[in-house]
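Engineer: A structural model of the following input is requested.
(one chain, ligands or ions: 2)
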Amino acid sequence: MKDPVRIAITGAAGQISYSLAFRIAAGDMLGPDQPVILQLLEITPAMEALNGVVMELNDCAFPLVQDIVATDDPNVAFKDADFALLVGARPRGPGMERKDLLEANAAIFSVQGKAINDNASRDIRVLVVGNPANTNALIASCNAPDLNPGQFTAMMRLDHNRAKSQLAQKTGKHVTDVDNMVVWGNHSATQYPDLSHCTVDGKAAFDLVERDWYENDFIPTVQQRGAAIIKARGASSAASAASAAIDHMRDWALGSKGIVSMGIPSDGSYGVEPGIMYSYPVKCQGGKYEIVQGLEVDEFSRGRMQATEQELREERAAVEHLLG
Ligand SMILES: NC(=O)C1=CN([C@@H]2O[C@H](COP(=O)(O)OP(=O)(O)OC[C@H]3O[C@@H](n4cnc5c(N)ncnc54)[C@H](O)[C@@H]3O)[C@@H](O)[C@H]2O)C=CC1
Ligand SMILES: O=C([O-])CC(=O)C(=O)O
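Structural biologist: Ligands and ions are numbered 1, 2, ... in the order given. Now for the predicted structure:
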C-alpha cells in the first residue's frame, strides 16, 4: 500500500467540488492504488454546508480515503499538501466576462498563495480553477516566493477538451481520434484553440474541415462555451470543470498521452514574454510538464496568440498591487 498523499481542495462546498471531491476520493485523479487525505477549505459561513459534503464523502465508504480535514483556515487546509486545487472563488453570471471577477476573487489567491508558501509540501503541485484562472494563478505564485512558479498552473484543460469534442463531432470521429490539439493563452474569450497541428485519425484537421468553419464557428464556439453553459444551465459548468481538473492533475502527476494544454508561467517560448500564466502545448512525463517546442506558427495564429497575451498583460496590470 502506498503512503497517502494530501490533497487540498478550496471552495469545497461549491458546485465544482461537489463533483471533484468525490471523483478524487474514488481514485480518478491519482489512480486506484493511491490513498488520499482530503483537506477541504471553505469560508466560515459555508462550514455547515461543507460538513454535509463530508458526511456524504464518509457515506461513500471510499476505500482510498484515509482522512478528511474540513476547515476554514487556509494554514490548516494547505498543511503538508502535495496537491492543491484552488476552486473556491465567485463564479460569473450571465453577461459577465471572467475578468470581471478579478476584483472579487483576486485577494483570495494572495492569501492562499502565502498559506501554501508557509505550509505546503515543498513539492506541491497547484492547479487554479477559480476565475480568472490564469491571473489568479499568477497572484498565488507571486505570493509563494519560496516555491518555484512552475508549481502553479491554471486550468485550460476544459477548453482543450471542449475543442477536441467540437472537432470530433464535426468530423464524425471520436475524441480519442483527435491528437495535437493546442489551446493558447488565457481562459477567456480571447483564448486561441488552434487546429494547425491537430490530426483526426491521423489526417490533418485542416484537410477535414473548411477554413470558414474553423474561423467563424469552431473558434468562437470554444471561446464562448462557458457562457453558453451559463445561459443553458443558469449556473456555470461544474461537472465538466471538475473532470478537466482531474485530467490536468492526473496527467501532470502520472503523464499525458501526447499534447495537452496547461496555463503555466510563460518563459519566452513562442515569443510570449515572461510574467504571465499563458496556456501552452505541453507534454507531461515523470511528474513534470514540458512545453512542446518548434510548432510552426503562421500569421493568423501569431495574431491570435498575441491578442490573448495582451489581455493577460492587462489583467496582470490590474492586480500589480497583489503580486507581492
Ligand atoms: N478554469 C475553468 O475552466 C473554470 C473555472 N470556473 C470557476 O471556478 C470557480 C468556482 O465555481 P463553482 O464551484 O461553480 O462556484 P460556487 O459558487 O458553487 O462555489 C465556490 C465556493 O467557493 C467558496 N469560497 C469562496 N471564497 C473562498 C475562500 N476564500 N476560501 C475557500 N472557499 C471559498 C464559496 O463559499 C463556495 O462554496 C468560479 O470562479 C468559476 O468561475 C468554473 C468553471 C470552469
Ligand atoms: O464560463 C465560466 O464562467 C465558467 C468557466 O470558466 C467555463 O465554463 O469555462
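Engineer: Could you count how many residues lie near the closest residue to ligand 2 within the stretch 201-324 of the chain?
Structural biologist: Proximity of the stretch 201-324 of the chain to ligand 2 (C-beta to the nearest ligand atom) peaks at Gly226, 2.2 Å away. Just so you know, the C-beta spots here come from the backbone N, C-alpha and C atoms, and that holds for glycine as well. Counted with other C-beta atoms under 10 Å, residues neighbouring Gly226 total 24.
Engineer: Next, find the distance separating the residue in the stretch 1-150 of the chain that ligand 1 sits nearest to from ligand 2.
Structural biologist: Here the stretch 1-150 of the chain gets closest to ligand 1 at one residue, Gly14, 2.0 Å apart by C-beta to the nearest ligand atom. Here the criterion is C-beta to the nearest ligand atom, to the nearest Å. By it, Gly14 lies 12 Å from ligand 2.
Engineer: can you pull the contacts of that residue?
Structural biologist: Applying C-beta atoms under 8 Å, 6 or more residues apart in numbering to Gly14 gives the contacts Val87, Gly88.
Engineer: Please see if the longest helix anywhere in the chain touches ligand 1.
Structural biologist: Criterion DSSP state H: the longest helix present in the chain is helix 299-318. No - using C-beta under 6 Å from any ligand atom, helix 299-318 never reaches ligand 1; the gap is at least 13.8 Å.
Engineer: Check the stretch 51-200 of the chain for the residue nearest ligand 2 and tell me.
Structural biologist: Closest residue of the stretch 51-200 of the chain to ligand 2, C-beta to the nearest ligand atom: Arg92 (4.2 Å).
Engineer: tell me which element the closest residue to Leu147 other than its chain neighbours is part of?
Structural biologist: Nearest non-adjacent residue to Leu147, counting by C-beta to C-beta, 6 or more residues apart in numbering: Asn117, 6.1 Å away. Secondary structure assignment for Asn117, by DSSP states H and E: helix 102-119.
Engineer: For that helix, which residues meet the burial criterion?
Structural biologist: 102, 105-106, 108-110, 112-117, 119 (16 or more other C-beta atoms under 10 Å).
Engineer: For that helix, give the mean pLDDT please.
Structural biologist: For helix 102-119, the mean per-residue pLDDT is 95.
Engineer: starting at the chain centroid, how far to the helix or strand following it?
Structural biologist: Of the helices and strands lying after helix 102-119 in sequence (DSSP H and E), the nearest is strand 125-128. In terms of C-alpha atoms, centre = their mean, to the nearest Å, the gap separating the centre of strand 125-128 from the centre of its chain is 8 Å.
Engineer: now check strand 125-128, is it near ligand 1?
Structural biologist: No - applying C-beta under 6 Å from any ligand atom, one finds strand 125-128 separated from ligand 1 by no less than 7.5 Å.
Engineer: returning to what we had before: just checking, what packs against the longest helix of the chain?
Structural biologist: helix 133-142, strand 182-184, strand 192-194, strand 277-285 (3 or more C-beta pairs under 8 Å, 6 or more residues apart in numbering; DSSP states H and E).
Engineer: hmm, stretch 34-44 touching ligand 1?
Structural biologist: Yes - shown here: stretch 34-44 in contact with ligand 1 (C-beta under 6 Å from any ligand atom) through Leu41, Glu42, Ile43.
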